[in-house]
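> Sharing a model prediction with you, sequence too.
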Amino acid sequence: MTDVSDDRFIIADIKAREILDSRGNPTVEVDVITKGGVQGRASVPSGASRGVHEAVEIRDGDYRFKGKGVLRAVKNVIEIIKPALIGIDVRNQYEIDMKLVELDGTPNKSKLGANAILAVSLAIAKAAAMASSIPLYKYLAPNREKYLMPIPFQNVINGGKHAGNELAIQEFMIVPIGANTFKEALRYCAEVYYTLRDLLLRKYGKNAINVGDEGGFAPPLRFSQDALDLLVKSIEQSGYIPGKDLALAIDAAASEFFNEKSGTYTIDDRTLTPCDLRDYYVELVKTYPIISIEDPFQQEDFEGFASLTKKIGDKVQIVGDDLFTTNPKRLEMGVRMGACNALLLKVNQIGTLSEALITAKIAMKNDYAVMVSHRSGETEDTFIADLAVALCTGQIKAGAPARGERTAKYNQLLRIEEELGSRAIYPKGRLNHWKEFFTDLPILKGL
Ligand code: PGA
Ligand code: ZN
């Protein structure tokens, strides 16, 4: 523990409350207040296509908010977590996170709730950064000379559980790999988003420009190829070159269209075996400038992930989200089996900042790329923007360039890039740029 006692850093109070997320569902917000009067505030997101191995968010299950209230989680912060943390120095992130894990005592944080625990964990880091008078990304990674900005993977067509259409694939993303700066990357995406809106309106009418949970359009399409064709066309009609200025990426979230009984997948009005589905992706990659595929198979099929990685992993990033659930043990199993070459990093899947950082480190040490990610149910909290810069992952996904809870993250990245000036590097054309930035984070105390 940090022993230089300094009131600026000593926890004096913790407040917790129930707020609403971007889907209108309750979630937890926490304020950590130090003796010096500094306040760190954080709130937690919530997924819809959740992995079964994720840490558990607890909900009240009573008459309020159709059972979705989080007053029990709020109570756990006030009655159990707060008394254990008063008087501790907020710079002890790792020790505090381990204390939270210990207080909970379950393998999946189901006693106190990952929603209660994570809100505290993130608010601690924010309070420490504020009390140190440095931005969060610098507090998390203080010793860097240069910082790698993330390429924003922007989900502009929503399907699966995030939309009221028939698209099986959950996310169709544009990836501004040819931009020179994050600021330019964001503009590329916004311009393509406007063009896509025009195309959808002209071709399918007004209903097609309704949006899904992550701010992308949710047009009444059935076939993945139609969505991908629209993206290629939108890129071209915006004056950009597909595959050079902007590439494509998908998150299949395949657990959501997997039929457990038959072991098959329903996609594009067809029933595919895992082998057929693998060939389906191989064909997609041949036809479209796709550089990244997330969750191509259901969440227990390590072999399926490994076989696709073996087949196209040298050219395409294969990302594990529901497969790994930001869990070090599941990631280590994936590494042993050669499943994926990238990790999707969602702090609320594991429940504390330190554990998420450890999982990211395991990934990078094993040559896996890391994409920092939002959830489909988000808040205005911008923690993940700073996290992506601190870790120098070179990749983030935070939805479309629209809707406040999504743009909050991208706008924070604009501010960070501006502040860093020539110390900010945009990984133009390269998903593996992060390798030059990989170092130990002091916050993990050598772990
Ligand atoms: P979720 O979706 O937040 O609904 O889980 C995001 C994703 O699958 O990446
Ligand atoms: Zn996913």
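Right, received. Where do you want to start? Ligands and ions are numbered 1, 2, ... in the order given.
> in the stretch 1-150 of the chain, what residue is nearest ligand 2?
Minimum separation of the stretch 1-150 of the chain from ligand 2 (Cβ to the ion) falls at Ser49, amounting to 6.5 Å. The way it works is simple: take the backbone N, C-alpha and C, and place the C-beta from them, glycine included.
> burial of that residue, as a residue count?
21 (other Cβ atoms under 10 Å).
> Ok, Lys138 next?
Neighbour tally, Lys138, other Cβ under 10 Å: 19.
> How about the one 5 residues further on?
Neighbourhood size, Asn143 [other Cβ under 10 Å]: 9.
> do you know how far it is from Tyr94?
From Asn143 over to Tyr94 the distance is 17 Å, taken as Cβ to Cβ, to the nearest Å.
> which stretches of the stretch 101-250 of the chain form helices?
Under the criterion DSSP state H, counting those that start in this stretch, helices of the stretch 101-250 of the chain are mapped to 114-131, 136-140, 182-204, 224-237.
> Go through those helices and name the closest to ligand 1.
Among the helices of the stretch 101-250 of the chain, helix 114-131 comes nearest to ligand 1, with 13.5 Å by Cβ to the nearest ligand atom.
> Closest residue of this structure to ligand 2?
For the chain, Cβ to the ion, closest residue to ligand 2: Asp321, 3.5 Å.
> show me what contacts that residue?
By Cβ atoms under 8 Å, 6 or more residues apart in numbering, the residues touching Asp321 are Gly51, Asp251, Ala253, Glu294, Asp295, Leu344, Lys346, Ser373.
> what does the stretch 251-400 of the chain have sitting close to ligand 1?
Proximity of the stretch 251-400 of the chain to ligand 1, by Cβ under 6 Å from any ligand atom, involves residues Asp251, Ala253, Asp321, Ser373, Arg375, Ser376.
> In three-state terms, how would Asp13 be classified?
Under DSSP: H, G, I helix; E, B strand; the rest coil, Asp13 falls in the strand class.
> and the contacts of Asp321, which are buried?
Buried residues within the contacts of Asp321, counting neighbours by 16 or more other Cβ atoms under 10 Å: Gly51, Asp251, Ala253, Glu294, Asp295, Leu344, Lys346, Ser373.
> Throw those into CSV and include secondary structure, distance to Met364 and pLDDT, thanks.
Listed next are those as CSV, based on DSSP: H, G, I helix; E, B strand; the rest coil; distance: Cβ to Cβ, whole Å; pLDDT from 0 to 100:
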residue, secondary structure, distance to Met364, pLDDT
Gly51, coil, 21, 94
Asp251, strand, 21, 98
Ala253, coil, 24, 98
Glu294, strand, 18, 98
Asp295, coil, 20, 98
Leu344, strand, 14, 98
Lys346, coil, 16, 98
Ser373, strand, 16, 98
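> Report how many residues lie close to Ile134.
Look at Ile134: counted by other Cβ under 10 Å, it has 13 neighbours.
> Spatially nearest residue to it (excluding sequence neighbours)?
Nearest residue to Ile134 in three dimensions, chain neighbours excluded: Pro142, at 7.5 Å (Cβ to Cβ, 6 or more residues apart in numbering).
> The one you found touches Leu136, doesn't it?
No. Counting by Cβ atoms under 8 Å, Pro142 stays clear of Leu136, with 11.1 Å between them.
> Compare those two (neighbour count), which wins?
Neighbour tally, Pro142 and Leu136, criterion other Cβ under 10 Å: the higher count belongs to Leu136, 24 against 13.
> Can you read off the pLDDT for that one?
pLDDT for Leu136: 98.
> same deal with the one 10 residues further on?
Listed pLDDT for Lys146 reads 98.
> Ok, Asp3 next?
Asp3 carries a pLDDT score of 52 in this model.
> Tell me how far Leu431 lies from ligand 1.
Noted for Leu431: a distance of 17 Å to ligand 1, by Cβ to the nearest ligand atom, to the nearest Å.
> Lys244 now?
26 Å.
> and the stretch 51-200 of the chain, which residues reach ligand 1?
Applying Cβ under 6 Å from any ligand atom, we find that the stretch 51-200 of the chain lies next to ligand 1 at Gln170.
> For the stretch 51-200 of the chain, which segments count as strands?
147-148, 151-158, 171-175 (DSSP state E, counting those that start in this stretch).
> What of the stretch 251-400 of the chain?
In the stretch 251-400 of the chain, the strands defined using DSSP E, counting those that start in this stretch lie at 258-259, 264-267, 270-272, 290-294, 317-320, 342-345, 369-373, 395-397.
> Just say which of these is most tucked in.
Highest mean neighbour count among the strands of the stretch 251-400 of the chain (mean count of other Cβ atoms under 10 Å): strand 395-397, with a mean of 28.
> Residues contacting that strand, please?
Outside strand 395-397, the residues that touch it by Cβ under 8 Å, 6+ apart are 150-155, 171, 173, 251, 344, 369-374, 384-385, 388, 409, 413, 431, 434.
> What about ligand 2: which of those touch it?
For ligand 2, the contacts drawn from these by Cβ under 5 Å from the ion are Asp251.
> Any stretches of this structure with poor pLDDT?
Within the chain, the stretches with pLDDT under 70 are 1-4.
> For whatever residue of it ends up closest to ligand 1, grab the count of nearby residues.
In the chain, no residue comes nearer to ligand 1 than Gly47, which is 2.9 Å away by Cβ to the nearest ligand atom. Here the number of neighbours of Gly47 (other Cβ under 10 Å) works out to 22.
> For it, give me its contacts.
So Gly47 contacts Glu54, Lys346, Asn348, Gln349, Arg375, Ser376, Gly377 (Cβ under 8 Å, 6+ apart).
> okay if I get those as CSV plus distance to Pro289?
Shown next, in CSV, are those (distance: Cβ to Cβ, whole Å):
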residue, distance to Pro289
Glu54, 31
Lys346, 26
Asn348, 31
Gln349, 29
Arg375, 27
Ser376, 25
Gly377, 30
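> interface residues of the stretch 251-400 of the chain facing ligand 2?
Asp251, Glu294, Asp321.
> quick one: which of the residues you listed is nearest to Leu85?
Asp321 (30.9 Å; Cβ to Cβ).
> With adjacent residues omitted, what lies nearest to the closest one?
Counting by Cβ to Cβ, 6+ apart, Leu344 is the residue found nearest to Asp321 once chain neighbours are left out, at 3.9 Å.
> And the contacts of stretch 218-225?
Outside stretch 218-225, the residues within contact range by Cβ under 8 Å, 6+ apart are 157-159, 162-169, 172, 200, 204, 207-212, 227, 230, 250, 267-269, 284, 287.
> What subset of those residues is buried?
Taking 16+ other Cβ under 10 Å as the criterion, what is buried in those is 157-159, 162-163, 165, 167-169, 172, 200, 204, 208-209, 211-212, 227, 230, 250, 267-268, 284.
> Appreciated, that's everything.
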